[in-house]
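>>> test case, fold it:
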Amino acid sequence: MPFWRRSRLTLLSAGTAVVVAMAVILTFSLMGGGSQGGGEIFLQTASAAGRDPFTPSVATDTRGAETPSGPSTSRIGSRTVAVSGAHPGLYGGTQNIASCDVEKQIAYLAENENKGSAFAGALRIPRAEVPAYLRSLTPVRLTWDTRVTNHGYRDGRATEYQAVLQAGTAVLVDDRGVPRVRCACGNPLAPAVAVQGEQTYTGKKWASFRSAAIVAVVPAPKPMKAVTMYDPETKAWFERPKGDVQGRSDHRIPAPKGQPPDASFPVLPEPTESSDLFPEGEEQGEPEGEDEDTQDGRTDEDKEKGKDEKKDDEQQKDEKKEEEQKEDEKKEDEKKEDEKKEDEKKEDEKKEDEKKEEEQKKEDEKKEDEKKEDEKKEDEKKEDEKKKEEQKKEEQKEEEQKEQQPQQEEDQPVAPEPEQPQPPEPEEPAQPEEPAQPEEPAEPQEPEQSEQQLPESPPAEQPQQPAEEQPQQEPQHL
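As a prediction, the model looks like this:
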């Protein structure tokens, strides 16, 4: 018999949690919840590859990977507790640092077609959609030890087994907050299912492991725009938009409602009977309870009427809660819009400042060029003046030389110019030794007399008739 029919007292104490519990369990069953033969559950530490990995590790942010689990474990109770994927602080990480390398995961699966096909089959998507699907997920780290259905790769196909992932494990979650890929081994994940028979844990237990302090993630009621995360190192809250595989769009936020601002770890929601998915050591099934004819004496008709009334009340509460949630979302959107406008304003101011700086720089460069041009012109002007000065000095010097030249000409006599008959040349008349022939004694004497008479001619004519021409007249007399 379903637990919500146990007694009126149980229904009144559970309140809204009963309706939420029904949705959680139904959702969990639809997402793959159920039972699995055998009670073996494998323990996997945060950084270990585990059994039958699909790919090498693509985990990147390993800081705090071995962080002990168990914050707020007193609120979990003695059973595996279902927690909505939208619960703030269910996941953590480091702001602006992605915990997984999605592109590397895509490359590994593309290189091996068999693994790619098995990976797609485990997630129930076409193989061709694997890259786009992985890019739609969000990288996070688990805050609590978490039950999942893991898938290894063996003999060309995906093998399914139940596992507990240690807090700090890097995973990729979908828009409902459900873990879908374990980054340390590339294995596809699904929601946990109950095991039949007694539960046994296989693998090395970490120091903080407690079988009574485990959570199982169930899908959020509706798709999320962002995952609300907690940074255990800075004790700060931030949001990471869904599908931000590199964590570049993370932004700080105040502590969410229900989370103490000064807490060292996030807290889980208050546990209820409905949130206990897997009783320790028992098969998942309908909780034991009393018969329909309870001891309070009510008839079935009264019970049905009471249930209808309670459903109406719960429906009104849910509608009110949904309106409040919409109002909160509206305020959050307005806040983000204001932040966006403020950022745009700052960006515009920054651009305006840069523009002014650029204009000032151009103006300074222009002034510098003008200054250099003026200096150049000044230098050219000085150079021209210098050349003119030198030219003027040169002309003055030439004038002085011209004035001195006539004076020198007057001081020097002109007579020396006709070059004194060169002393050796008068010896040339002695050359006519050849005409001293005995056959003509009388005639050769005439030239001698003529040559002796030549010096009696005016002295100015001697330079015009050199003595070398005198021998040329001798043959004429001959």
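>>> can you give me the strands for the stretch 51-200 of the chain?
80-84, 91-92, 138-142, 146-154, 157-165, 170-173, 179-182, 187-191, 194-195, 200-202 (DSSP state E, counting those that start in this stretch).
>>> show me what the fifth one is packed up against.
What that stands for is strand 157-165. Packing partners of strand 157-165 (3 or more CB pairs under 8 Å, 6 or more residues apart in numbering; DSSP states H and E): strand 40-44, helix 113-123, strand 146-154. The way it works is simple: take the backbone N, C-alpha and C, and place the C-beta from them, glycine included.
>>> out of these, which gets nearest to Gln404?
Gln404 lies closest, by CB to CB, to one member of the helices and strands packed on strand 157-165: helix 113-123, at 109.3 Å.
>>> what about the top helix by length along the chain, average pLDDT?
The longest helix of the chain (DSSP state H) is helix 300-411. Mean per-residue pLDDT for helix 300-411: 82.
>>> what do you get for stretch 270-280?
On average, stretch 270-280 scores 57.
>>> do you know how far Lys242 is from Gly85?
As judged by CB to CB, to the nearest Å, Lys242 and Gly85 stand 11 Å apart.
>>> in PDB, list the C-alpha atoms belonging to stretch 178-191.
What follows is stretch 178-191, C-alpha atoms only, in PDB (Å, rounded to 0.1, in the frame of the first residue of the first chain):
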ATOM      1  CA  VAL A 178      21.100  14.800 -13.500                       C
ATOM      2  CA  PRO A 179      24.700  13.500 -13.800                       C
ATOM      3  CA  ARG A 180      25.200  12.200 -17.300                       C
ATOM      4  CA  VAL A 181      28.900  11.600 -17.700                       C
ATOM      5  CA  ARG A 182      31.700  10.800 -15.200                       C
ATOM      6  CA  CYS A 183      34.800  12.700 -16.500                       C
ATOM      7  CA  ALA A 184      37.500  10.600 -14.900                       C
ATOM      8  CA  CYS A 185      36.600   7.600 -17.100                       C
ATOM      9  CA  GLY A 186      34.200   9.100 -19.800                       C
ATOM     10  CA  ASN A 187      31.400   6.700 -18.700                       C
ATOM     11  CA  PRO A 188      27.800   7.600 -19.400                       C
ATOM     12  CA  LEU A 189      25.600   7.800 -16.200                       C
ATOM     13  CA  ALA A 190      21.900   7.500 -15.400                       C
ATOM     14  CA  PRO A 191      19.800   7.900 -12.300                       C
END
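>>> that stretch - what's its average pLDDT?
Throughout stretch 178-191, pLDDT has a mean value of 96.
>>> begin at 39, not 1, for the rest of this chat.
OK, 39 is where the count begins now, so the last one is stretch 216-229.
>>> other SSEs contacting the longest helix of the chain?
In terms of contacts (3+ CB pairs under 8 Å, 6+ apart), helix 338-449 is packed against helix 54-68.
>>> who does Tyr199 bridge with?
Here Tyr199 sits in beta bridges with Asn188, as judged by DSSP bridges.
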